[in-house]
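> I'd like to go over a predicted model; first the sequence, then the structure.
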Amino acid sequence: SGLAEDLLQHYSCSIAEELRQARDELRRGKWDIDPSVREDHDMLCVCLAVWELVHELAVSTAPSAARLLHWYNRHYLEEEIAEWWQKASQSTSDGEALEPDSPFWEYLIRLTLADCRHEVLSLLQHAAKADPQVARVCEFLRRIPSLMEMEQAQASKVELHEAMGEIQDRARRLLAEEPSQHPVHKLLEIYAGSTLSAFEANEDIAADLGRTWVEDVVYAHAWVLPELRRTELGDLLRAVAQRRTSETIDDIDRVLFAAISLDIPALLRLLDSIPDRFPAFFVTHLVDVLYFAGRVPLVVESEGRRMVPPRDWHLMQYAQQLSHGSWAQRRLAFDYLRAGGSEEAARQLMLTADEYCAAASSEHEMDEAMALLLDLDLAAELGPAQCRKRSTALRAAGDIAGCLHWACQAEQMAAPARGHHVSELLESLAENDDELEAVLAALTPSDLGEPLTVYPPASGAPLP
């Protein structure tokens, strides 16, 4: 439903924002001088790029061409775009800026490919008075929206098709009027697009101007084949790979390949194989989003045996990692385990709860552990044994009041509640003179004149 899609997109965008804030926080610190901070910063940059790519292709319902292009701008070209703009702006004061061999045009072409229509128009306006061809291009740019402006207007696929067709027709008419040797010719070729036959012959604008396979894919989708569906991007990627056989790729490239191809099993295998670049917290949350997007199976079988579902497996792995952390991190493990639906997740939940209670080192932590058992509906199964362990430990430490307190807690949590363990404990304590004295001190009311017929008494020695 529409509400479910909105909630899922909000969930995904919220996690991306958390990653972005963590990255930006590191940028305000010592990320440029501390190698360990720099590693964390670089890891978050890669995680954010992959997360947003998966969001655009597997979660978002908006058309993908412009969004994929601006994803690339944010994560790969942010500094270069600023540099192109700065150098092109400086070149406008140069009298030779409009010469065909001026680097001004290279910056302008790069900005055009990045969908920086406003910036390109601003730069060209300086030269429009001196060059009528440039003036016509400026008028063309004033009349068309950028790809992202159409996306922000939430144009439908039909409206995008009509708008892109109109932009390409206008650009082609201008190309027919402009001398082929004029530098604006290449700029107009971007807006004019390319035919499928030109793409197949490697004569399209993406093949000509793309510097890497990523640029080739992104520019081809944005300017040559904007109507491709997400499920067809894998075919586009394979076509680009065939014409870039000399380009070397690394593990991150392979991750991007899998994401663009929407090959989710391959994507998850790759992410799990590079834990130093994609830590468990990232992969677990990504799997969770993909699960709710319908991209991760509910049931997996191998050779007739039912396996742990992918979502539950990642929830369990991350919970296990949290269980070896601080007290607060151990508590978070239960939020992930209780989200699972498999028998394996339920068993790990019980085991982790038992270990969590056993690790309590103070009365406050023990109280938190018992509250957690109640919340998980495990108090009757695990509570009595853990309370008795605590009672025994306190007795050994000489804290008889605490010993009695947790012995009583154990009986209250038992189903049904019994009192025989407390009776046996009192008999055992009575056999030791020092412990008996401590019991009497703990149980003796502060006001001995208080009537015995009133229960509970109005006063008494406070137990822990």
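Received, thanks.
> all strands of the stretch 251-400 of the chain, in order?
Applying DSSP state E, counting those that start in this stretch to the stretch 251-400 of the chain gives strands spanning 300-302, 305-307.
> can you put those strands in JSON lines and add distance to residue 146?
Placement of C-beta: from N, CA and C, glycine included. What follows is these, written out as JSON lines (distance: least, CB to CB, whole Å):
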{"stretch": "strand 300-302", "distance to residue 146": "44"}
{"stretch": "strand 305-307", "distance to residue 146": "47"}
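> in the stretch 351-464 of the chain, which ranges drop under the pLDDT threshold?
Applying pLDDT under 70 to the stretch 351-464 of the chain flags residues 417, 452, 454-464.
> residue contacts, residue 388?
406-407, 410, 421 (CB atoms under 8 Å, 6 or more residues apart in numbering).
> between those, which is nearest residue 234?
residue 410 (59.2 Å; CB to CB).
> roughly how far apart are that closest one and residue 375?
18 Å (CB to CB, to the nearest Å).
> same check, this time on residue 86
For residue 86 relative to residue 375 (CB to CB), the value is 57 Å.
> more crowded one of residue 410 and residue 375?
residue 410 (23 against 11; other CB atoms under 10 Å).
> any idea how far that one lies from residue 208?
77 Å.
> coming back round to it: so which of the strands of the stretch 251-400 of the chain gets nearest residue 119?
strand 300-302 (48.9 Å).
> how close does residue 276 get to residue 40?
Here the criterion is CB to CB. By it, residue 276 lies 11 Å from residue 40.
> more neighbours, the two?
In terms of neighbours (other CB under 10 Å), residue 40 is the more surrounded of residue 276 and residue 40; the figures are 17 against 7.
> would you agree that one is in contact with residue 26?
Yes. Using CB atoms under 8 Å, residue 40 is in contact with residue 26, at 6.0 Å.
> returning to what we had before: looking at the contacts of residue 388, which are in helices?
Taking DSSP state H, the ones among the contacts of residue 388 that sit in helices are 406-407, 410, 421.
> as a markdown table, those with distance to residue 265 would be great.
Converted to a markdown table, these look like this (distance: CB to CB, whole Å):
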| residue | distance to residue 265 |
| --- | --- |
| 406 | 49 |
| 407 | 53 |
| 410 | 48 |
| 421 | 52 |
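> now, of the residues you listed, which are buried?
Buried subset of those (neighbour count, 16 or more other CB atoms under 10 Å): 406-407, 410, 421.
> any idea how far residue 62 is from the nearest residue to residue 55 once chain neighbours are set aside?
Leaving aside its sequence neighbours, residue 55 sits nearest to residue 12 (CB to CB, 6 or more residues apart in numbering; 4.9 Å). Residue 12 sits 13 Å away from residue 62, taking CB to CB as the criterion.
> show me what the lowest-mean-pLDDT helix or strand in the chain is packed up against.
Taking mean pLDDT, DSSP states H and E as the measure, the chain has strand 300-302 as its least confident helix or strand, at a mean of 78. Under the contact criterion of 3 or more CB pairs under 8 Å, 6 or more residues apart in numbering; DSSP states H and E, strand 300-302 touches strand 305-307.
> run the chain-centre distance for the strand it packs on.
Distance, stretch centre to chain centre, for strand 305-307: 28 Å (CA atoms, centre = their mean, to the nearest Å).
> kindly report the same for stretch 43-53.
7 Å.
> next, count neighbours for residue 3.
Residue 3: 7 neighbours (other CB under 10 Å).
> element containing it?
Using DSSP states H and E, residue 3 maps to helix 2-27.
> thinking again about what came up before, just put the strands of the stretch 251-400 of the chain in a markdown table and tack on mean neighbour count and distance to residue 139.
As requested, the strands of the stretch 251-400 of the chain are exported to a markdown table (neighbours: other CB atoms under 10 Å; distance: least, CB to CB, whole Å):
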| stretch | mean neighbour count | distance to residue 139 |
| --- | --- | --- |
| strand 300-302 | 10 | 59 |
| strand 305-307 | 11 | 62 |
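> for residue 8, which of those strands is the nearest?
Comparing the strands of the stretch 251-400 of the chain by CB to CB, strand 300-302 comes nearest, at 21.8 Å.
> tell me the strands beside the closest one, with direction?
If you go by DSSP bridges, strand 300-302 pairs up with strand 305-307 (antiparallel).
> list of residues touching the strand it pairs with?
With CB under 8 Å, 6+ apart as the criterion, strand 305-307 contacts 299-301.
> returning to what we had before: from the chain's centre, how far out does the least confident helix or strand of the chain sit?
On CA atoms, centre = their mean, the centre of strand 300-302 falls 27 Å from the chain's centre.
> try stretch 154-161
Taking CA atoms, centre = their mean, one finds the center of stretch 154-161 at 28 Å from the center of the full chain.
> touching stretch 232-251 from outside, list them.
With contacts defined as CB under 8 Å, 6+ apart, stretch 232-251 is touched by 57, 64, 199-200, 202, 206-207, 212-213, 216-217, 220-221, 225, 228, 257, 260-263, 270, 273-274, 277.
> likewise for stretch 256-276?
Stretch 256-276 is contacted from outside by 43, 50, 53-54, 57-58, 214, 217, 230-231, 233-234, 237, 249, 251, 254-255, 278, 282-283, 286-287, 290, 295-296, 310, using CB under 8 Å, 6+ apart.
> restricted to buried residues, select the residues you listed in ChimeraX.
Per 16+ other CB under 10 Å, the buried members of these correspond to this ChimeraX selection:
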select :43,50,53,54,57,58,214,217,230,233,237,254,255,278,282,283,286,287,290,295,296,310
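> out of the contacts of stretch 256-276, which are inside helices?
43, 50, 53-54, 214, 217, 233-234, 237, 251, 254-255, 282-283, 286-287, 290, 310.
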